[in-house]
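**Student:** sharing a sequence plus its predicted fold:
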Amino acid sequence: SFTIPVTSAPELSSSSNINVNGRRSFHVDGSPNLPTNFLASGAGDRVNPPAEDGSSDVIFLQQPFRYFGRTYNQIFVNNNGYLTFTEPLSAYNPTLDSARDIVAPLWTRLDNRRGGTVSYREDTSNAVLAQVTAAVNQYFPNIPFAATSAFVATWDSVAYHNGGGVVTFQVVLAYNVHRSFILIYYGDVAETGQPWQAGYNTVDSASSFTIRAARVPELLSSSNINVNACWSFHVDGSPNLPSNFIPFGNGEIVTPRLENGSSGAITLHQPFKFFGRTHNQTFVNNNGHLTFTEPLPDYIPVLNSGRDIVAPFWTQLDNLHGGTISYREDTSSSVLVLVTAAVNQYFPNLPLPFIATSVFVATWDNVPYSSGEGVVTFQVVLISNVDHSFILFNYGNIAETRQRWLAFYDTVDFANSNSNVNVKGRWGFHVYDVCDTLGCTGKEVCRFRETYGCGCLEGQKPNPETFDAKQFCDSSTGSLSLSRCQLFESGFPPEILHLNDPSCKGISENGRVLFHFDNEGHVCGTTLMSNGTHFIYQNAIHSNLPAGVITREKWMNIAFSCAYPLIQNLSMPKDIQAERSVISINLPGQGTYQIRMILYHDAEFTSPYEGDVEVQVNQQMYVAVEVEGVDRSQIATVLDYCWATPVNDIDYQVRWNLITRECPNPEDGTVEVLQNGIDTTSHFSFRMFTFTGGSDQIFLHCQVHLCLVQNGRCAQSCNPGHRRRRRRSVDFHHSAAITMGF
């Protein structure tokens with residue numbers, strides 16, 4: 001019921017529910033509105049005449065519909081719930097295997113004479129095309145698609161022939177020239193005892209599908225796309241992308257349908273290096289080419305156009321009349337694995353196996369020539385990591401054309417049937433190689449050691465003591481050049497080295513790294529001093545230092561100088577030397593004993609270092625503190641504190657604790673107290689380091705005391721949570737400090 005709410009009769013002429021004063025309109029049949037998932041009625045809707053087992057007249061399609069390889073320019077909407085293409089069909093007993101192309105959202109005997117409407121239209125409005133495009137992209141996310149036409153047929157509250165109720169459903173053909181989809185939507189559908197079927201079939205039954213439901217109302221709760229009462233099918237019958245193509249993926253974006261158009265600027269998450277230039281964006285131009293700095297609408301191909309262009313197949317194409325041009329940047333593991341394997345197969349001689357970190361894929365899928373001579377399918381793939389970039393061209397079906405065209409190299413047949421990587425229809429190009437930028441000489445080889453660099457050829461023994469240093473002094477100018485390959489082999493790429501002034505880097509040329517200073521505009525932290533007989537300019541080559549008090553990474557400090565009038569030899573770091581230090585102590589009335597600190601190679605303390613030794617940073621060091629000349633059955637040696645300084649000064653303010661209060665420094669997880677307070681010899685170990693701001697030597701210091709074993713445990717437990725006990729003074733027999741430098 002409804003009452004017009006006015007207070008006086010004259011108000012009827014100035015009120016309305018349809019925005020027309022004096023007029024009101026009401027829907028009184030009682031049937032519900034179309035479901036929200038249906039396409040709404042639109043301009044041009046035509047209604048089938050009421051007729052028993054009737055049909056529409058022939059409906060000529062403005063844009064042909066492709067159905068499993070066959071193309072139709074017409075269609076028939078049959079009242080009994082199905083579409084045909086070649087002729088109307090009055091049959092009411094459903095037989096999907098009827099040897100014809102048929103689309104049947106709900107084939108049963110219906111009677112629009114008893115009520116309801118059967119309507120249809122072909123719709124190319126922007127709103128409807130956007131709606132069906134969004135639906136297809138939702139249901140088929142791996143097939144880039146943009147509709148150019150939609151045919152909509154709706155059965156709205158049409159009665160069963162036996163009078164047992166009504167049904168509401170809709171079928172939508174969403175398509176462009178080469179991609180076709182069927183969308184079926186169900187509204188209220190009553191139960192019936194009549195025979196019925198839903199699905200589609202082809203003339204040879206090579207492609208068919210029947211919706212399996214025991215009762216008609218089950219159509220409302222079933223789906224093949226996880227949306228109840230909705231079914232969707234890909235029906236153009238065109239083959240999937242060729243096997244040599246990268247498949248469509250998530251995030252695929254379709255370029256606008258424009259004559260000689262282009263995508264907008266596509267920001268690359270990982271920059272693409274192209275023959276020494278780095279690009280952070282790209283444009284996918286509809287006419288078959290990529291550019292980097294700006295879109296390029298030209299349809300006449302000119303590769304030497306003074307710009308960076310990647311042209312898998314540059315000619316005048318027309319996506320206004322069909323096909324899809326789409327792209328995406330992909331970092332999914334499956335795609336990265338796929339292209340990584342391809343690159344390593346096609347380019348087996350890289351210094352290091354390639355691992356892709358980013359892929360950009362652009363695909364032209366069944367795009368027509370502007371001349372209408374046929375369609376083309378091809379793809380370009382940009383593959384990269386920090387050190388390398390590659391391009392793959394993948395070619396599918398490419399029709400012959402009389403248009404002007406260019407590919408990166410030769411002809412259409414060349415692109416489609418040949419290859420430079422022995423894979424038909426695929427071409428691969430290495431367009432950026434970090435080795436090309438290094439300029440390695442004939443006496444060097446590009447090699448990877450944590451980074452790419454110019455290493456020494458096999459058989460050339462690097463000399464890490466001098467790096468084949470060559471020094472030059474002239475007036476107030478000095479320079480030092482080092483072998484680039486020897487630096488690299490020792491873990492010092494040229495880019496991490498600098499003079500006292502960190503902004504003064506070395507220059508790589510002819511296989512050497514040259515460091516230069518002068519006393520005019522390029523001082524570089526050089527100091528000038530006099531020793532009374534010579535003026536001396538001094539500087540040093542350093543490697544970048546990490547933050548913190550200590551480091552276990554290798555670092556460099558090569559000091560060099562120019563003295564006048566004489567030229568001094570180059571000062572280079574000496575071999576690290578372990579110096580045994582001995583302290584002799586006289587105890588009145590009890591004789592003499594000695595304390596020694598000894599450095600060992602091994603954890604068994606069987607192989608001491610002898611003479612000059614080279615100790616690498618991060619190498620495990622084993623230290624023994626031995627006391628000789630005391631009764632080992634009564635006295636034990638206890639390490640109280642051990643620490644390191646960069647200079648031979650036991651009280652130097654810069655220090656690094658190794659042992660504190662008989663236990664490892666908790667800030668250095670490499671220290672282990674191996675034996676302490678149980679014998680006249682105590683052991684500990686740590687990993688070698690250097691001080692980041694000082695000398696490349698360290699000096700070890702330990703404070704020890706002797707303990708009377710008979711008074712009980714000499715060294716405390718270092719286990720977490722152990723309560724510290726208080727020692728009595730009689731525990732200590734004598735204490736001393738000992739130092740070792742290396």
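**Tutor:** Nice, I can see it. Numbering: from 1, shown residues only.

**Student:** residue 432: what secondary structure?
**Tutor:** The three-state assignment at residue 432 reads strand, by DSSP: H, G, I helix; E, B strand; the rest coil.

**Student:** in terms of contact, does it touch residue 384 like I think?
**Tutor:** Yes: judged on CB atoms under 8 Å, residue 432 makes contact with residue 384 at a distance of 7.4 Å. Heads up, the C-betas are built off the backbone N, CA and C, glycines and all.

**Student:** what do the two both touch?
**Tutor:** Applying CB atoms under 8 Å, 6 or more residues apart in numbering, one finds that residue 432 and residue 384 are jointly contacted by residue 273.

**Student:** between these two, which is the more surrounded one?
**Tutor:** residue 384 (25 against 19; other CB atoms under 10 Å).

**Student:** I'd guessed that one sits against residue 268; true?
**Tutor:** No: Residue 384 lies out of contact with residue 268 (CB under 8 Å); the separation is 9.1 Å.

**Student:** what's the domain layout of the protein?
**Tutor:** Per automatic domain parsing, the structural domains of the chain span 46-234, 253-435, 467-564, 581-741.

**Student:** select, out of the ones you listed, the one closest to residue 442.
**Tutor:** Closest approach to residue 442 among those (CB to CB): domain 467-564, 8.7 Å.

**Student:** just the mean pLDDT for that closest one, thanks.
**Tutor:** Across domain 467-564, pLDDT averages out at 78.

**Student:** now swap in stretch 58-77 and tell me
**Tutor:** If you average the pLDDT values across stretch 58-77, you get 93.

**Student:** can you pull the residues that touch both of residue 384 and residue 268?
**Tutor:** Taking CB under 8 Å, 6+ apart as the criterion, residue 384 and residue 268 both touch residue 358.

**Student:** JSON lines for the domains of the chain, including distance to residue 37?
**Tutor:** Formatted as JSON lines, these follow (distance: least, CB to CB, whole Å):
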{"stretch": "domain 46-234", "distance to residue 37": "5"}
{"stretch": "domain 253-435", "distance to residue 37": "23"}
{"stretch": "domain 467-564", "distance to residue 37": "60"}
{"stretch": "domain 581-741", "distance to residue 37": "63"}
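
**Student:** now do the buried residues in stretch 381-401.
**Tutor:** Buried residues in stretch 381-401, defined by neighbour count with 16 or more other CB atoms under 10 Å: 381-385, 387-396, 398, 401.

**Student:** meant to ask about stretch 502-512
**Tutor:** Using 16+ other CB under 10 Å as the test for burial, stretch 502-512 gives 504, 505, 506, 508, 511, 512.

**Student:** for residue 448, find the nearest of the domains of the chain.
**Tutor:** Nearest of the domains of the chain (CB to CB): domain 253-435, 4.2 Å.

**Student:** so which of the buried residues of stretch 502-512 are in strands?
**Tutor:** Within the buried residues of stretch 502-512, residues falling in strands by DSSP state E are 508, 512.

**Student:** identify the farthest-apart pair in the buried residues of stretch 502-512.
**Tutor:** 504 and 511 (20.7 Å).

**Student:** list the contacts for residue 606?
**Tutor:** Residue 606 neighbours (CB under 8 Å, 6+ apart): residue 600.

**Student:** which helix or strand contains it?
**Tutor:** Per DSSP states H and E, residue 606 falls between elements, in no helix or strand.
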